[in-house]
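coords below, sequence missing:
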């Protein structure tokens, strides 16, 4: 087994007297796609928010290699290679698709907002952005404003923005939520491409069992904020305690 790329150690958050995530310890590895499942209110998105920095842990740690991310804001975690896509699209709606991606490339390279720079820098940024347009099959809509895209293409654009940041850790929160049956396979194919890179670690919150089966190398199950199960998909889905708490007696009925 490879050295973990990301570790949560006894990760906990309390809201008043409520413990939303309770001492969750997990190690995630390069080349592995882990799906996080559980019933509503299990703590899945809260756990994601603790890893990506939208929430700060009450106790415990988030570690990326030797780097302690626990008290870092989301922007600092992004610079450390933790990339996050949200359940709701998070784009610059009035900018074109190309401009959205170019800003992500610009942020990755640390160019900031300097107004005076050699003209070739703009060319290079645009060429890099066009590469991600091609990779996500969005070249045909490059000059449309992001707000004009159908929901499926907006989700693809969000994946393109993540790819343009070139993170080591990819985090997707229900990536096919609200998508039509026609568009969902495109986003899942992009995630599968990312997963195929042995240097990348992918974490996915998902409740659609067909998506889980198609992509998961590993499943972890949260229940009442605690880690209930962790293992290979078949092993976890056949576990009686998981069936009782989350899947029910008939797996297919929850898909």
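Thanks, I have it. Computed from a predicted structure; not experimentally measured. Numbers count the residues shown, from 1 in each chain.

After the helix or strand containing residue 222, heading C-terminal, what element do we hit next?
Residue 222 belongs to strand 218-223 when assigned by DSSP states H and E. With elements assigned by DSSP H and E, the helix or strand that comes after strand 218-223 is strand 226-231.

Show me what that next one is packed up against.
strand 18-28, strand 218-223, helix 240-242 (3 or more C-beta pairs under 8 Å, 6 or more residues apart in numbering; DSSP states H and E). Quick note: C-beta positions are derived from backbone N, CA and C, even for glycine.

Same question for stretch 159-173: list its buried residues.
159-165, 167-173 (16 or more other C-beta atoms under 10 Å).

swap in stretch 14-23?
19, 20, 21, 22.

Go through the buried residues of stretch 159-173 and flag which are in helices.
159, 160, 161, 162, 163, 164, 165 (DSSP state H).

got a list of what the fifth one touches?
Each residue near residue 163 by C-beta atoms under 8 Å, 6 or more residues apart in numbering is listed here: 132, 135, 136, 190, 194.

my read: the fourth one touches residue 158, true?
No: in terms of C-beta atoms under 8 Å, residue 190 does not count as a neighbour of residue 158; the distance is 10.1 Å.

how deep is residue 136 tucked in, by neighbour count?
Around residue 136 there are 26 other residues, counting by other C-beta atoms under 10 Å.

wait, isn't it in contact with residue 158?
No: with contact defined as C-beta under 8 Å, residue 136 does not count as touching residue 158 (9.6 Å).

Okay, now the unreliable bits of the stretch 101-250 of the chain?
In the predicted model of the stretch 101-250 of the chain, residues 110-122, 246-250 satisfy pLDDT under 70.

Contact partners for residue 187?
By C-beta under 8 Å, 6+ apart, the neighbours of residue 187 are 152, 155, 156, 159, 175, 176, 179.

quick revisit: looking at the contacts of residue 163, which is nearest residue 80?
Set against residue 80, the nearest of the contacts of residue 163 by C-beta to C-beta is residue 194 (17.9 Å).

I figured the closest one hits residue 168, correct?
No: with contact defined as C-beta under 8 Å, residue 194 does not reach residue 168; the gap is 11.0 Å.

what do these two both touch?
Contacts common to residue 194 and residue 168, judged by C-beta under 8 Å, 6+ apart, are residue 200.

Isn't residue 149 up against residue 157?
Yes: if you go by C-beta under 8 Å, residue 149 and residue 157 touch, sitting 6.6 Å apart.

And the strands in the stretch 51-200 of the chain, which stretches?
59-64, 67-68, 82-85, 169-173 (DSSP state E, counting those that start in this stretch).

Switch these over to JSON lines; also include distance to residue 98.
As requested, the strands of the stretch 51-200 of the chain are exported to JSON lines (distance: least, C-beta to C-beta, whole Å):
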{"stretch": "strand 59-64", "distance to residue 98": "31"}
{"stretch": "strand 67-68", "distance to residue 98": "33"}
{"stretch": "strand 82-85", "distance to residue 98": "19"}
{"stretch": "strand 169-173", "distance to residue 98": "22"}
